[in-house]
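show me how the following folds:
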Amino acid sequence: MKVLLTCLSRSWGGLEMYSIQTAKQLINNSIETDLLCYKNSRVQKEAMSEHIPIIISGYRNYFQIPEYFKVSNSIKKNRYDIIHSHVSKDLWLMVPALKISKLSTPLLLTKQMGSYIIKKDFLHKWIYKRVDLALAISKVISKNLVDTTPLTEDKIELLHNSIDTARFNADKVDRNLVRKEFRIKDDELLIGMIARFSPGKGHEEFILAANDILHKHKNVRFMIVGEPSKGEDSYASEIKAMAAGLDILDKIIFTGYRKDTPEVLAALDIFVFPSHAEAFGIALAEALSMGKPSVCSNSDGVLDIAVDNVTSFLFEKKNWVDLKEKLERLIKDENLRHEFGKAARKRAIEMFDLTTFTNKLIGIYKHLLINRSNTKL
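The predicted structure follows:
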């Protein structure tokens with residue numbers, strides 16, 4: 001089997017990381033895989049560092065006819081069995097290229113983010129008619145596809161994002177590395193969140209809940225992990241100013257960006273995921289894999305990951321008082337933290353394991369190829 005993945009994005013986030021991870025997993029399973037991306041993009045640089053074969057595209061705008069023929073020639077030359085796009089915009093390149101090449105190669109789209117734009121006009125119907133299957137990373141994204149695109153439910157399949165549960169395993173990580181770095185005492189509970197500094201991630205609720213808790217509990221510390229994306233430095237400054245205004249800036253650890261996510265999670269006693277809207281929430285799934293009890297907003301893709309009163313407490317999104325009250329329940333009950341953590345690890349392995357995900361994806365590819373062969377008969 002030979003697969004072409006496409007990810008025409010100059011950003012670097014969960015979507016782009018997912019495309020790299022998928023390519024690596026396919027290659028590790030002896031599936032010949034190329035990745036179509038932009039020149040000098042972060043996707044290209046990461047792909048090259050992982051020794052993933054790349055094809056460069058100069059496609060930028062709709063109706064860029066020379067690029068259609070360039071990609072069409074590449075598709076015919078490499079004779080791909082499957083084409084799997086990771087950005088909706090990529091379809092506007094891949095569909096015309098496939099039409100020009102007159103190939104019936106199965107075309108998939110993984111949908112990572114929801115859209116508020118209705119795409120059911122004539123041109124979108126023409127584009128999406130060529131999509132054999134859309135993979136939605138959560139139930140809310142599956143519904144969004146039905147609501148905003150011409151795709152019908154029979155052309156949409158739920159396939160959650162995955163995590164490496166072998167890497168995110170508390171038994172294999174030293175809990176004390178990060179705690180020693182930030183001088184967290186053995187008898188202190190560490191509560192933390194991991195998110196880029198961007199409006200809607202719930203930093204405000206986290207700060208307000210921390211302020212209230214810190215006035216009641218002396219053995220609790222708080223940690224915020226992440227950095228602002230391009231153009232969002234002012235928001236990060238506002239959050240720190242908010243903590244300073246409440247006179248708790250010295251009681252909240254701002255770590256900035258960290259690559260050692262398993263070690264950071266290992267150091268925590270409780271994980272918080274206060275996002276207002278999230279298509280999935282990979283950081284939450286990683287926290288579950290590390291066996292961490294959590295308090296999460298009751299919204300969108302979070303509901304695919306956390307189970308209320310089993311792995312986590314769900315709180316009303318944007319409601320910092322509810323968040324604070326749920327956190328206090330875990331702060332006061334060590335046994336409950338242990339029970340939630342044990343259930344969290346079990347759910348992560350069953351639902352989001354990377355190997356299981358890869359096997360499911362390869363199975364989907366094979367099923368599409370069988371269907372395409374039967375259609376030709």
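
just the strands in the stretch 1-150 of the chain please.
2-6, 32-38, 54-57, 82-85, 107-111, 133-136 (DSSP state E, counting those that start in this stretch).

quick one: which of those strands is nearest Lys201?
Across the strands of the stretch 1-150 of the chain, Lys201 has its closest neighbour in strand 107-111 (20.9 Å, CB to CB). The way it works is simple: take the backbone N, C-alpha and C, and place the C-beta from them, glycine included.

by contact count, what packs against that closest one?
The contact analysis (3 or more CB pairs under 8 Å, 6 or more residues apart in numbering; DSSP states H and E) places strand 107-111 against strand 82-85, helix 91-101, strand 133-136, helix 139-148.

okay, now the sheet partners of the first one, with direction.
What that stands for is strand 82-85. Its sheet considered, strand 82-85 pairs with strand 2-6 (parallel), strand 107-111 (parallel) by DSSP bridges.

right, and those - which one's nearest Pro96?
Closest to Pro96 of the strands paired with strand 82-85 is strand 107-111 (CB to CB; 11.7 Å).

how far does the closest one sit from its chain's centre?
15 Å (CA atoms, centre = their mean, to the nearest Å).

and what of stretch 163-176?
With CA atoms, centre = their mean as the basis, stretch 163-176 stands 19 Å off its chain's centre.

could I get it in PDB with only the CA atoms?
C-alpha atoms of stretch 163-176 as PDB (Å, rounded to 0.1, in the frame of the first residue of the first chain):
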ATOM      1  CA  ILE A 163      -1.700   9.300  22.100                       C
ATOM      2  CA  ASP A 164       1.300   7.100  22.900                       C
ATOM      3  CA  THR A 165       0.100   5.500  26.000                       C
ATOM      4  CA  ALA A 166       3.500   3.700  26.400                       C
ATOM      5  CA  ARG A 167       5.200   7.100  26.600                       C
ATOM      6  CA  PHE A 168       2.500   8.700  28.700                       C
ATOM      7  CA  ASN A 169       2.800   6.200  31.500                       C
ATOM      8  CA  ALA A 170       3.300   7.300  35.000                       C
ATOM      9  CA  ASP A 171       5.100   4.100  35.900                       C
ATOM     10  CA  LYS A 172       7.900   5.000  33.400                       C
ATOM     11  CA  VAL A 173       8.300   8.700  34.400                       C
ATOM     12  CA  ASP A 174      10.000  10.200  37.500                       C
ATOM     13  CA  ARG A 175       7.300  12.300  39.300                       C
ATOM     14  CA  ASN A 176       9.900  14.300  41.200                       C
END
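
now, of the helices and strands packed on strand 107-111, which is deepest in the fold?
Sort these by mean neighbour count, taking mean count of other CB atoms under 10 Å, and strand 82-85 sits at the top with a mean of 26.

so what's Lys216 scoring on pLDDT?
Here, the pLDDT recorded for Lys216 equals 92.

what's the answer for Leu377, then?
Predicted confidence (pLDDT) for Leu377: 50.

and if you look at Tyr257?
Confidence at Tyr257, expressed as pLDDT, is 89.

ok, now which ones touch it?
Val225, Gly226, Glu227 (CB atoms under 8 Å, 6 or more residues apart in numbering).
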